[in-house]
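>>> Okay, sequence plus prediction incoming.
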Amino acid sequence: MTEAPRPSLAAYRDIKVWDPLLRLTHWSFPLLIPAMWWTAENDRWVLHKRLGLVLLGLLVFRILWGFLGPETARFSSFVKGPAAVLAYLRRGAGGARPTIGHSPLGGWSTLVLLAAMLFQVSLGLFAGDPFDDATGPLNGLVGVATADTITEVHESFVWVIGTLVALHLAAITFYAVRGDDLLSPMVGGSRPPLTGGEGIGPVPWVKGLLAVGTAVGLALWLASGAPPLQ
């Protein structure tokens, strides 16, 4: 009798899901958002503005990495059309086959959260009152009335960010209860093997350095007062 072939050792190895640059960016967000809220509530405006520029740099990098990064980092891999999202919901989020990256619903959740943070930090560039020495680096490009309106929206929109973060955490908890651990792969970068899953392959480090350099350059340019716009 012929014995069935045994699975190779590779079949038992964890597969790489998230690259180090994406994970570092991801874990920076839950540190920066509360810190920025605290600095605003306690009138620590110098630190608040510096943290805002760091957040902007991270968001710029994440957007660039959505086009230059490995498979799971790319928007094209997880931003699906309405048909894919509806099909996912019909199967049931808990009963759908696990994927190595974002699910169709999780992809849109991630995109909305990134867009909301980018909108908030963009408002901060123009917000503030020059008499309180609490202005964003591009405040001088708008009039006082416009800056006041932007500031009001900036102060209120933080609750939208908080709500989206809460929903994000609730989704992670929901999947954890269903037996799909989303947190550990984002910490260590790998997850248990999946049938037909091969991982993300090598990280394009040269493109990563290009994305990091662009993001840091933009943040530093704004930190210096955006001289060409003065």
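All right, it came through fine.
>>> Flag the shaky bits of this protein, pLDDT-wise.
1-12, 92-99, 195-197, 228-230 (pLDDT under 70).
>>> Show me the helices in the protein, by range?
For the chain, helices defined by DSSP state H occupy the ranges 20-41, 45-68, 75-78, 82-91, 104-126, 144-177, 183-188, 205-223.
>>> Give me the distance from the third one to the chain's centre.
Between the centre of helix 75-78 and the centre of its chain there are 13 Å (Cα atoms, centre = their mean, to the nearest Å).
>>> Show me what that helix packs onto, helices and strands only.
On a contact count with 3 or more Cβ pairs under 8 Å, 6 or more residues apart in numbering; DSSP states H and E, helix 75-78 meets helix 104-126. Yep, even glycine has a C-beta here, placed from its N, CA and C like the rest.
>>> same deal with the longest one?
Judged by 3+ Cβ pairs under 8 Å, 6+ apart, helix 144-177 is in contact with helix 20-41, helix 104-126.
>>> Pipe those into CSV and attach distance to L68 and mean neighbour count per row.
As requested, those are arranged in CSV below (distance: least, Cβ to Cβ, whole Å; neighbours: other Cβ atoms under 10 Å):
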stretch, distance to L68, mean neighbour count
helix 20-41, 10, 16
helix 104-126, 16, 18
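>>> Would you mind telling me which of these is nearest A147?
Closest to A147 of the helices and strands packed on helix 144-177 is helix 104-126 (Cβ to Cβ; 6.2 Å).
>>> quick one, the closest one and helix 20-41 angle?
Orientation check (axes from the mean of the first three to the mean of the last three Cα atoms, to 10 degrees): helix 104-126 against helix 20-41 gives 50 degrees.
>>> Can I get helix 104-126 in CSV, CA atoms only?
Extracted in CSV, the C-alpha atoms of helix 104-126 (Å, rounded to 0.1, in the frame of the first residue of the first chain):
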residue,chain,number,x,y,z
PRO,A,104,-13.1,43.3,2.4
LEU,A,105,-14.9,44.9,5.3
GLY,A,106,-11.8,45.4,7.3
GLY,A,107,-10.1,47.0,4.3
TRP,A,108,-12.7,49.7,4.1
SER,A,109,-12.6,50.2,7.9
THR,A,110,-8.9,50.8,7.7
LEU,A,111,-9.3,53.2,4.8
VAL,A,112,-11.9,55.2,6.6
LEU,A,113,-9.8,55.5,9.7
LEU,A,114,-6.7,56.6,7.7
ALA,A,115,-8.8,59.2,5.8
ALA,A,116,-10.3,60.5,9.1
MET,A,117,-6.9,60.9,10.7
LEU,A,118,-5.5,62.6,7.6
PHE,A,119,-8.5,65.0,7.5
GLN,A,120,-8.0,65.8,11.2
VAL,A,121,-4.3,66.5,10.9
SER,A,122,-4.8,68.5,7.8
LEU,A,123,-7.3,70.7,9.7
GLY,A,124,-4.6,71.2,12.3
LEU,A,125,-2.2,72.6,9.8
PHE,A,126,-4.5,75.6,9.3
